[in-house]
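Visitor: sequence and predicted structure are below.
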Amino acid sequence: MVHKLSLIVNGIKRTVEVKDNEILLDVLRDKLKIKSLKAACWRGECGLCTVLLNGKLVKSCLVLAVEVDGSEIITVEGLVKDGELSPIQRAFIEHGAFQCGFCTPAFVLASHQLLIENPNPSEEEIKEKLGGIICRCGTYLEIIKAIKSASRFYQKK
């Protein structure tokens with residue numbers, strides 16, 4: 001059966017047709033052409049397909065697309081405002097918090113959400129929040145430095 005979904009993706013209202021068994025990851029990548037999401041394990045183990053779904057971090061490979069009708073989805077592209085990178089995106093660049101870049105969109109998005117929820121996280125809180133995302137290059141220390149650096153932009157003035 002085919003379903004017509006209405007979504008807000010990175011601030012833009014989108015309509016897309018999906019089948020009963022399609023996962024959100026495939027709909028975002030293949031139908032909406034958002035290529036920052038990576039398809040790696042399709043089992044929720046690597047976290048590379050992480051998105052914000054109605055303000056919550058989810059692994060899009062574990063979500064059926066038919067379940068998200070009327071939802072708001074944010075990917076790393078949605079953090080850019082008026083052509084300007086967000087503080088966490090700039091911090092990742094400044095601190096070299098990536099190597100191959102395959103995991104970077106998921107880490108940036110999860111780091112952004114962490115700083116929204118907790119603008120001054122401890123190293124342990126950072127590790128806990130990012131624990132479901134795998135970086136095979138091992139840039140974890142640089143990611144932590146980037147988050148600590150960007151935290152000042154998320155703190156209430």
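Guide: That came in fine, so what should we check first? Here the structure is a predicted model, which means the values were calculated and not measured. Numbers count the residues shown, from 1 in each chain.

Visitor: which residue ranges of the chain form strands?
Guide: 2-9, 12-19, 50-53, 56-59, 72-74 (DSSP state E).

Visitor: now for the last one, which elements pack on it?
Guide: Helices and strands in packing contact with strand 72-74 are listed as strand 2-9, strand 50-53; criterion 3 or more CB pairs under 8 Å, 6 or more residues apart in numbering; DSSP states H and E. All C-beta atoms are positioned from the backbone trio N, CA, C, and that covers glycine.

Visitor: which residues does the last one contact?
Guide: Counting contacts by CB atoms under 8 Å, 6 or more residues apart in numbering, the residues outside strand 50-53 that touch it are 24, 28, 37, 57-60, 63, 68, 71-75, 78, 106, 109-110, 113, 132-133.

Visitor: let's see that with 6 Å instead.
Guide: Strand 50-53 is contacted from outside by 57, 59-60, 71, 73-75, 106, 109-110, using CB atoms under 6 Å, 6 or more residues apart in numbering.
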